[in-house]
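Visitor: Sequence and predicted structure are below.
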Amino acid sequence: MKHRFKVLQLQPDYNVKLNDFADLGEQIVKALPTERFEVTSAFLSGRPQPGQPLSVADHSKYFEFPEKALKGIRLGAMWEIYKYCREQKFDVVICNRFKSVNMMLSLNRWLKIPLCIGISHGFGEYERAYRRRQTRRLVSPAWRFVGVSAAVRDYLVGLNCGFTHENTTFVTNAIDIPQAEALQLPREQARQALGLPLDARIIGALGRLVPIKGHTHLLQAFARLKDKYPNAQVGIIGSGRAEADLRGDIERLGLTGRAHLLGFRADGLKYVRAFDIWTMPSLLEGLGLALLEGMSGRLPVIASNGPAMLPLVEGAGGLSHEPGNVEQLTTALDTYLAMSDEQLRAKGEQVFRYLEENHALAEFQQKYLNLIETGLKEVGRA
């Protein structure tokens with residue numbers, strides 16, 4: 001049988017879902033033809049409970065490191081990963097997020113794995129000077145790096161700590177559009193499931209309830225328009241430490257009964273058709289998958305104009321605002337709320353066409369396959 005390249009994908013924690021429409025790790029596994037690649041999905045923390053889904057990879061490895069083992073210098077965890085990699089003799093290691101990249105940068109001085117790929121999902125991971133010094137010292141010719149957007153790629157290269165235009169690229173996140181559409185509940189059913197009125201025009205958002213997601217600014221902007229549009233409401237899917245503050249905002253701004261914190265929902269994508277307008281007011285994003293999820297529901301979009309988000313919103317014909325700028329967000333909401341149902345539907349169809357043309361899964365998978373095949377050739381292993 002022809003040699004199959006052995007690939008290890010390191011993930012921070014077990015988070016495999018039955019519906020993997022937006023699971024970056026699982027979609028990379030699916031990108032690698034089984035006749036040429038033998039893939040192991042490894043998870044630093046956690047493991048599936050009985051009945052929970054497994055990775056689609058050939059093998060799964062659960063290190064089950066406790067949280068304290070992944071803090072600081074992480075010598076114990078690194079020793080276990082080193083022993084496993086030395087035993088398995090991988091040809092390629094794909095590292096998701098900073099901890100995995102950081103540990104493998106050190107370990108590959110001894111492991112000498114031919115091709116290592118580090119994926120960065122956002123900004124700020126290398127803000128600390130010692131992290132930049134360490135990275136500059138450890139990047140070798142075996143390494144390739146990927147940002148989840150052009151803006152993240154530019155951020156990495158601009159750090160001048162080992163990321164270069166030659167070894168760093170970007171692969172924009174994508175979702176499995178047919179799977180996403182099949183999961184979405186019809187409008188009336190989605191509203192009933194969320195406890196939302198059937199006859200209102202509803203502005204939606206999805207994301208963790210943490211300050212960086214900017215939900216307080218959405219509420220402030222909507223409060224300025226609540227009297228102008230008495231049939232409009234807001235619904236936010238998610239949970240997090242800012243929930244109490246947001247409930248306070250709702251009461252203070254006179255939005256009780258008009259703005260709804262809908263809690264955490266497994267597969268929040270199921271409910272996007274409950275909404276008429278989709279918003280993502282984040283203060284900082286690498287590339288928010290929640291925006292792509294709203295697009296898959298054929299919804300007109302409003303999002304902050306951070307460097308990773310602006311090309312996406314503009315390409316889709318959506319509206320943007322400066323992060324945290326309540327006045328601009330109010331103007332964007334006003335623009336859409338003033339439209340007829342037919343005009344909003346037309347904007348939503350425009351958004352969906354853009355999603356199909358620019359963020360479909362096939363191109364995403366092909367780019368990762370090309371990256372790995374090209375990298376193996378460059379290191380003399382293909």
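Guide: Received it, and whenever you're ready, just let me know what you need. Residues are numbered from 1 along each chain as shown.

Visitor: Show me how the protein divides into domains.
Guide: 5-174+361-378, 177-358 (automatic domain parsing).

Visitor: tell me the mean pLDDT over the shortest one?
Guide: Read it as domain 177-358. On average, the pLDDT along domain 177-358 is 94.

Visitor: The first one now?
Guide: Along domain 5-174+361-378, the predicted confidence averages to a pLDDT of 93.

Visitor: ok now it, how far from the chain's centre?
Guide: Centroid separation for domain 5-174+361-378 versus its chain: 15 Å, with CA atoms, centre = their mean, to the nearest Å.

Visitor: Over to the last one?
Guide: Between the centre of domain 177-358 and the centre of its host chain there is 17 Å, according to CA atoms, centre = their mean.

Visitor: mind checking the end-to-end distance for that domain?
Guide: 11 Å (CA to CA, to the nearest Å).

Visitor: now His165: how far from Gly158?
Guide: 11 Å (CB to CB, to the nearest Å). From N, CA and C alone the C-beta is placed, and that goes for glycine too.

Visitor: Next secondary structure after the helix or strand Asp245 falls within?
Guide: Here Asp245 sits within helix 243-252, counting by DSSP states H and E. Remark: after helix 243-252, the chain's next helix or strand is strand 259-261, criterion DSSP H and E.

Visitor: As JSON lines, the domains of the chain with mean neighbour count would be great.
Guide: JSON lines is the format used below for these (neighbours: other CB atoms under 10 Å):
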{"stretch": "domain 5-174+361-378", "mean neighbour count": "18"}
{"stretch": "domain 177-358", "mean neighbour count": "19"}
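
Visitor: now the helices: where do they sit in the stretch 151-300 of the chain?
Guide: 177-183, 187-194, 215-225, 243-252, 289-296 (DSSP state H, counting those that start in this stretch).

Visitor: got these as a markdown table, with distance to Glu349 columns?
Guide: Formatted as a markdown table, the helices of the stretch 151-300 of the chain follow (distance: least, CB to CB, whole Å):
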| stretch | distance to Glu349 |
| --- | --- |
| helix 177-183 | 13 |
| helix 187-194 | 15 |
| helix 215-225 | 24 |
| helix 243-252 | 32 |
| helix 289-296 | 11 |
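
Visitor: where does Leu289 sit relative to Val92, distance-wise?
Guide: Leu289 is 25 Å from Val92, by CB to CB.

Visitor: Over to Val351?
Guide: 36 Å.

Visitor: One more: Ala316?
Guide: 34 Å.

Visitor: Please apply the same query to Phe222.
Guide: Distance from Phe222 to Val92, by CB to CB: 48 Å.

Visitor: try Gly324
Guide: 41 Å.

Visitor: What are the boundaries of the strands in the protein?
Guide: According to DSSP state E, the chain carries its strands in the segments 5-13, 37-45, 59-62, 92-96, 115-120, 143-147, 168-170, 201-206, 232-237, 259-261, 277-280, 301-304, 319-321.

Visitor: how close does Ala362 get to Leu24?
Guide: 15 Å.

Visitor: do Leu261 as well
Guide: 27 Å.

Visitor: dump the residue contacts of the closest residue to Met339 other than its chain neighbours.
Guide: Excluding its sequence neighbours, the residue lying closest to Met339 (CB to CB, 6 or more residues apart in numbering) is Lys347, at 7.4 Å. Contacts for Lys347 (CB atoms under 8 Å, 6 or more residues apart in numbering) come out as 300, 317-318, 336, 339.

Visitor: next one: Gln365
Guide: Per CB under 8 Å, 6+ apart, neighbours of Gln365: 27-28, 30-31.

Visitor: mind running it again at 10 Å?
Guide: Taking CB atoms under 10 Å, 6 or more residues apart in numbering as the criterion, Gln365 is in contact with 27-32, 171, 174, 176.
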